[in-house]
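> sequence and computational prediction follow.
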Amino acid sequence: MAEQIALKDVSLQFTAKPHAFTVLEDISLSLQKGEFVVLLGPSGCGKSTILNLVAGFLQPDTGRVLCGGKIIQKPGPARGMIFQQPNLFPWLSVLDNVTFGPRLGRHRKEDVNAEAMDWLARVGLQGFEHHAPWQLSGGMKQRVALARAWLPGPEVLLLDEPFGALDAQTRLMMQELLRSAWLETDTTLLFVTHDVEEALFLADRILVMSAKPGKIVEEIVSPFGRERDIETLAEHPQYSEIKHHVLHRVRQEAKRHLNTL
Ligand SMILES: Nc1ncnc2c1ncn2[C@@H]1O[C@H](COP(=O)(O)OP(=O)(O)O)[C@@H](O)[C@H]1O
Ligand SMILES: [Mg+2]
């Protein structure tokens, strides 16, 4: 397998006084092409900062951040990002929201529309292409954001707690939808969450982070296989043990973090 994303000995400080501190210290990680990796850790440990480095919004103080072996200098279309809020243009239809980026890049609307319709169908929004964002539920809006991010064919998708604002049922549906869309592509996914069950269902590999300074303290390779079902996952013989272990680890880190605030 080819290496898609790498952080090598990355450290970063935020220098704004009076709160100057080391947010990331000596982080090294590597994502293979097509892998689904989840970064799991307590709030404030630096998960979003890692995504911002990979997106090219931030540069490290020391170390290197690479995509396909090349140093990431700035944001680019090879690396799409999805946030907790869908950030749709309220005055554009679902279809126009999804095709907005390619049209900015001077692709003709007719050329991208067919592919956009395919993506809308894949995320279960067939028939909603001419709706306005205000006519959609929260989960549907986030599905538009998924289709929009995936349409240009990014090599990497960075997802920052994308389902954090959704209710529990919608969230499960979105997790299933994300995994099934990912299985149909060879996109590399780096997904951030503080939710242990979400991490267990989604990931090929979980990287557990600690805070102050942010470090990767543990790696868990998922034994659950490519085809998983959210309703039966908990019956897997290793599920309880792994869940217990990861919960304990994340709680330990969260408590330690509270003591350093
Ligand atoms: N631009 C910034 N300047 C100063 N501190 C920041 C900045 N961005 C984030 N932080 C701080 O860095 C830490 C890590 O932030 P973040 O990466 O957003 O954590 P997470 O996503 O894991 O919740 C937090 O303590 C946050 O307050
Ligand atoms: Mg965050």
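Sure, I can see it. Ligands and ions are numbered 1, 2, ... in the order given.
> all helices of the stretch 151-261 of the chain, in order?
Along the stretch 151-261 of the chain, counting by DSSP state H, counting those that start in this stretch, helices occupy 168-183, 196-202, 239-260.
> same deal with the stretch 1-150 of the chain?
Here the stretch 1-150 of the chain has its helices, by DSSP H, counting those that start in this stretch, at 47-55, 94-104, 109-122, 138-150.
> would you list those in CSV and tack on distance to ligand 1?
The C-beta positions use only the backbone N, C-alpha and C, and glycine is treated the same way. Listed next are those as CSV, based on distance: least, C-beta to the nearest ligand atom, whole Å:
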stretch, distance to ligand 1
helix 47-55, 3
helix 94-104, 25
helix 109-122, 27
helix 138-150, 18
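> what's the closest of those to Glu227?
helix 109-122 (17.4 Å; C-beta to C-beta).
> mean confidence for the closest one?
Taken as a whole, helix 109-122 carries a mean pLDDT of 92.
> then stretch 208-217?
90.
> ditto for stretch 65-80
Averaged across stretch 65-80, pLDDT comes to 95.
> quick check: buried residues in it?
Within stretch 65-80, the residues scored as buried using 16 or more other C-beta atoms under 10 Å are Val65, Leu66, Cys67, Ile72, Ala78, Arg79, Gly80.
> against Gln4, how distant is the last one?
Applying C-beta to C-beta, to the nearest Å, the value for Gly80 to Gln4 is 13 Å.
> next, show the common contact partners of the two.
Shared contacts of Gly80 and Gln4 (C-beta atoms under 8 Å, 6 or more residues apart in numbering): Val156.
> residues contacting the residue positioned nearest the centre of the chain?
What sits nearest the mean C-alpha location of the chain, by C-alpha atoms, centre = their mean, is Leu159, with 2.0 Å. Taking C-beta under 8 Å, 6+ apart as the contact definition, Leu159 lies against Met81, Ile82, Leu178, Leu189, Leu190, Phe191, Val192.
> doesn't Thr49 make contact with the last one?
This points to Val192. No: look at Val192 against Thr49 with C-beta atoms under 8 Å: they stay out of range, at 10.1 Å.
> fine by me, thanks again.
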